[in-house]
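J.: Turn this into a structure:
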Amino acid sequence: MGLLFLLLAICGAASPSRADPVEFPGEDGPLKGEVLLPAGAGPFPAVVALHGCGGLYGKGGALSRRHQDWAERLTRAGFLVLFPDSFSSRGLKSQCRNSERTVRASRERVGDAFAAADYLKTRSDVKTDAVNLLGWSNGGSTVLYTLRAAARRRPEQPFAKAVALYPGCRVPLERGNWHTRIAFRLLIGEADDWTPAEPCRELIRAAQDAGEPASIVTYPGAYHEFDAPDMAIRVRRNLAYTANGDGVAHSGTDPAARKDAIEQVMGFLAR
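T.: Residues are numbered from 1 along each chain as shown. A predicted model of the protein is given here:
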C-alpha cells in the first residue's frame, strides 16, 4: 500500500466518495449494499464494513457520517469498500432498542459477512486474497462471531485481517470458545457504558495466551462511537443492551481517540 495514499487517508478529508448500490446473494435471501471504489483500474484490496445497530444510513437516506468518513479514508488508501445492509435488506430499521432481534450479530449477520466476502471474490476489481473485515458496535460484535465461525467452519479463511470498534464482548467471553486465525485488532473506549471494555480486554488476553494474533487498544475517557466525526457527547436511553442493563449509555466523539483509531485502523489494514 503506497505511503502517500496512507497518509492522505489518515490526515485529510476529501470530497465525498460515491456509493453505488449493489445486490448479491445472502444465506437467507438477497442482500443489498453499497460499494465505494478507489481511483484506478484495480484489482483492489477490499473491506467488508459492517454497520451498527442503528443501521447503515443517516436521516437523509445517505450513508451515515461515520460510514461516509471511513469510506472516504479507505478508498483514498486504495481499498474497495462494501457495506452490506443487514437491516434494510430485511425490511428493518434501527434495532438499538429492540431486545428481540430477528437479525442477530451471532447468526444472520455472520452469514451476511460471509456472503459479502463471497460476492467480492467474484468481482474482477477485487484482490481475492486481500478482503478484510471491519465493524462498529453491533457490526463489531458480528466481526467477533464471524472470526469464531470462520475458525470452526471454514478451512479457507475468507478474510485477510479484521478490526472491531467497540463490540460487545461479554457473551463471547462467557462462552469461552472464541478464537481467531487471522490478525485481529479491537478498539474500545474505557468509559464505554454501552459495550464495556473489560470483557474485551479479557477476551483478547485469553486469545493472546493461546498464541492467537489478536490485539486491543483502549482509550481512557472515551465513550461509544468515539470515532464519529463531530458528534457531541449525548445520553442514549431505552437501549436494549447496555453495560449495567439500565438502557442508558453515552456516545460521541473523542478527538484524541478518533485520531489514534484512524491511524491504528489504516496502518493495520495497510500492512
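J.: quick one: least confident helix or strand in the chain?
T.: Among the secondary structure pieces of the chain, namely its helices and strands, helix 3-11 has the lowest mean (mean pLDDT, DSSP states H and E), a mean of 50.
J.: Was I right to think P158 contacts G111?
T.: No. No contact is recorded between P158 and G111 when judged using Cβ atoms under 8 Å, the distance being 11.9 Å. (C-beta placed from N, C-alpha, C; glycine too.)
J.: Tell me the first helix or strand C-terminal of the least confident helix or strand of the chain.
T.: If you walk from helix 3-11 toward the C-terminus, the next helix or strand you reach (DSSP states H and E) is strand 20-26.
J.: Report the buried residues of that following strand.
T.: V22, F24, G26 (16 or more other Cβ atoms under 10 Å).
J.: which secondary structure elements does that strand contact?
T.: If contacts are counted by 3 or more Cβ pairs under 8 Å, 6 or more residues apart in numbering; DSSP states H and E, strand 20-26 sits against strand 29-36, helix 108-120.
J.: got the angle for the first one vs helix 108-120?
T.: Right, strand 29-36. 60 degrees (axes from the mean of the first three to the mean of the last three Cα atoms, to 10 degrees).
J.: and the helix or strand that comes right after strand 29-36 with strand 29-36, angle?
T.: Beyond strand 29-36 on the C-terminal side, the first helix or strand identified by DSSP H and E is strand 44-50. Computed with the same axes, to 10 degrees, the direction of strand 44-50 lies at 120 degrees from that of strand 29-36.
J.: Strand 44-50 - contacts with which helices or strands?
T.: When contacts are defined as 3+ Cβ pairs under 8 Å, 6+ apart, strand 44-50 packs onto helix 65-76, strand 80-85, helix 108-120, strand 126-136, helix 138-153.
J.: how distant is the second one from the center of its chain?
T.: When distances are taken as Cα atoms, centre = their mean, to the nearest Å, strand 80-85 is centred 10 Å away from the chain's centroid.
J.: now the third one
T.: Using Cα atoms, centre = their mean, we find the averaged C-alpha position of helix 108-120 to lie 13 Å away from the chain's own average C-alpha position.
J.: And the residue nearest the centre of this protein?
T.: Centroid-nearest residue in the chain, with Cα atoms, centre = their mean: G135, separated by 0.8 Å.
J.: Quick check: chain neighbours aside, which residue is closest to that residue?
T.: Counting by Cβ to Cβ, 6 or more residues apart in numbering, L50 is the residue found nearest to G135 once chain neighbours are left out, at 3.5 Å.
J.: Hmm, A164 and the residue nearest to the centre of the chain touching each other?
T.: Yes. In this structure, G135 sits in contact with A164. The criterion is Cβ under 8 Å, and the distance is 5.4 Å.
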